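Participant: sequence and predicted model, in that order:
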Amino acid sequence: MTALLPSAVVYESWGQRVVFGSGTARADVAAQVAGLGATRVLLIAAERERALAEDVCKDVPVVATFSAVRPHVPAEVAEAVRSAAREHAADLLLSIGGGSTTGTAKAAALTTGLPILAVPTTYAGSEATPVWGLTEDGHKRTGVDPKVLPRVVVYDATLMLSLPTRLSVTSGLNALAHCVDAWWAPRHNPISSALAVEGVRSLASSLPRIVADGQDVAARRDILFGTYLGAVAFAGAGSGLHHKVCHVLGGAYDLEHAALHSVVLPHVAGLNLPAAPDAARHLGAALDDGTDPFDALLDLYATLDPPRSLHDLGLAEQELDRATDLVMAQVPDTNPRRVTHNAMRQLLGRAHRGDTPVLVPLTDV
């Protein structure tokens, strides 16, 4: 019998309460706020989600609302939300929204130490990781700190029913990217890998269902489950090549976060899979359609029809050389294959044009 674990494994888990429900967000949030003993809550919600957030918070002691949420958390937004927390003597940060909203709450928690209760409305997964990110002068910095991990997460599948199909798909592929990157990230390990396999399985089976019917609550629940598993896998394994590429491009060029992940993921997979047989095996087990794992990933993309081109997201072709330089400075030393400047430039070129992703032979540099 083959051993499931190697002789030595180091895995760090993160403590958090997670509540899954459907149509119960208002009651669940009120109960969790009371359980945390909070009496002065700073609500963080983007303007477009403010009405939804205020409805969820009707039974919560909200003292102020911060709505100046922006993607990639610019430094000035981080300072503004910290000031709001201090001004209103908040004892809890309640984020209701997507990854940018959760990230804004994390920016406040990083320096104030205030606990976070997160209510996601997309499949970003940030709510289940201790990773923070801040953007200043076109550079996105990320780090890990237990202070920014939300103390409680309340998931409610019905909050996702109004999420447009395109955003559902791109956000879901962002969640899938957490899983795939966990198979070759710097701290990849058998525990995170197992979580990621189940995460991909759940996401790949449920995302096509919401493309067919956006009101499929059961499918939305399954996506949330896969999202959570992927985020926990990412938290345990760290940030691999895919996320390094996306963090650099997102911070430098302010590209749409979820769509950026959907464009980049298959190209990074095509680069790394030939040098990562365990990752290929995991991907094949998760997708389980009898074909080559990479082909199965492309088949899923064909079904979901996400954005495919960095050009369409707003990245100018003349920026590709600079973008390559920026990414190369962040390539993890632990990546399963050596990434040359030429290989990265070609990868970004294919992603920019929207070419069909390819498996890059190990003989190519």
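Facilitator: Arrived safely.
Participant: hmm, Met328 is touching His341, no?
Facilitator: Yes. Contact status for Met328 versus His341: in contact at 5.7 Å, counting by CB atoms under 8 Å. Where C-beta positions appear, they are placed from N, C-alpha and C, glycine not excepted.
Participant: so which bits of stretch 299-309 are buried?
Facilitator: 300-301, 304, 306-308 (16 or more other CB atoms under 10 Å).
Participant: ends of it, how far apart?
Facilitator: One end of stretch 299-309 to the other measures 17 Å (CA to CA, to the nearest Å).
Participant: same check, this time on stretch 267-285
Facilitator: Note: stretch 267-285 ends 20 Å apart using CA to CA.
Participant: kindly reformat the buried residues of stretch 299-309 as CSV containing distance to Glu76 and secondary structure.
Facilitator: Shown next, in CSV, are those (distance: CB to CB, whole Å; DSSP: H, G, I helix; E, B strand; the rest coil):
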residue, distance to Glu76, secondary structure
Leu300, 38, helix
Tyr301, 36, helix
Leu304, 35, helix
Pro306, 31, coil
Pro307, 28, coil
Arg308, 33, coil
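Participant: among those residues, which one sits closest to Glu47?
Facilitator: Nearest to Glu47 out of the buried residues of stretch 299-309 is Pro307 (CB to CB; 24.0 Å).
Participant: what sits closest to that closest one if chain neighbours are left out?
Facilitator: Excluding the flanking residues, the one nearest Pro307 by CB to CB, 6 or more residues apart in numbering is Ala259, at 4.6 Å.
Participant: immediately after the helix or strand that neighbour falls within, which helix or strand?
Facilitator: In the assignment (DSSP states H and E), Ala259 maps to helix 257-272. Using DSSP H and E, the helix or strand that follows helix 257-272 in sequence is helix 277-287.
Participant: ok, and what's touching that following helix?
Facilitator: Here helix 277-287 makes contact (CB atoms under 8 Å, 6 or more residues apart in numbering) with 179-180, 183-184, 193, 196-201, 204, 269, 272-273, 292-294, 296-297, 300, 336.
Participant: spit out the contact partners of the residue nearest to Pro307.
Facilitator: Listed by CB under 8 Å, 6+ apart, the contact set of Ala259 reads 170, 306-307, 313.
Participant: go again using 6 Å as the cut-off
Facilitator: Residues counted as contacts of Ala259 (CB atoms under 6 Å, 6 or more residues apart in numbering) are 170, 307, 313.
Participant: can you redo the residues you listed as TSV with distance to Cys57?
Facilitator: Output for the contacts of Ala259, formatted as TSV (distance: CB to CB, whole Å):
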residue	distance to Cys57
Thr170	27
Pro307	33
Leu313	33
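Participant: nearest to Thr101 among the residues you listed?
Facilitator: Thr170 (16.4 Å).
Participant: what's the first helix or strand after the host helix or strand of Thr227?
Facilitator: In this assignment (DSSP H and E), Thr227 forms part of helix 217-237. Per DSSP H and E, the first helix or strand lying C-terminal to helix 217-237 is helix 241-253.
Participant: that next one packs against which elements?
Facilitator: strand 139-144, helix 165-182, helix 257-272, helix 320-328 (3 or more CB pairs under 6 Å, 6 or more residues apart in numbering; DSSP states H and E).
Participant: partners of the shortest one, with directions?
Facilitator: Just to be clear, that refers to strand 139-144. strand 131-136 (antiparallel) (DSSP bridges).
Participant: would you mark the buried spots in the partner strand?
Facilitator: For strand 131-136, a neighbour-count test (16+ other CB under 10 Å) marks 131-135 as buried.
Participant: A strand includes Leu362, no?
Facilitator: No. Applying DSSP: H, G, I helix; E, B strand; the rest coil, one finds Leu362 to be coil, outside a strand.
Participant: leaving out chain neighbours, which residue sits closest to it?
Facilitator: Pro274 (5.3 Å).
Participant: shouldn't that neighbour be in contact with Val358?
Facilitator: No. Using CB atoms under 6 Å, Pro274 is not in contact with Val358, being 10.4 Å away.
Participant: mind checking how far Ala64 is from Val81?
Facilitator: The spacing between Ala64 and Val81, counted by CB to CB, to the nearest Å, is 11 Å.
Participant: please apply the same query to Ser168.
Facilitator: Distance from Ser168 to Val81, by CB to CB: 27 Å.
Participant: helix, strand, or coil at Leu114?
Facilitator: Reduced to three states by three-state DSSP, Leu114 is coil.
Participant: need the pLDDT of it.
Facilitator: Note for Leu114: predicted pLDDT of 98.
Participant: hang on, it packs against Leu94?
Facilitator: No. Leu114 is beyond contact range of Leu94, at 10.3 Å (criterion: CB under 6 Å).
Participant: looking at the two, which one has more neighbours?
Facilitator: Remark: of Leu114 and Leu94, Leu94 carries more neighbours, 30 against 20, as counted by other CB atoms under 10 Å.
Participant: roughly how far does that one sit from Asp355?
Facilitator: Shown here: Leu94 relative to Asp355, a distance of 43 Å by CB to CB.
Participant: so how many other residues sit close to the closest residue to Val197 other than its chain neighbours?
Facilitator: Nearest non-adjacent residue to Val197, counting by CB to CB, 6+ apart: Ala286, 4.7 Å away. For Ala286, the neighbour count with other CB under 10 Å is 25.
Participant: thanks a lot, see you next time.
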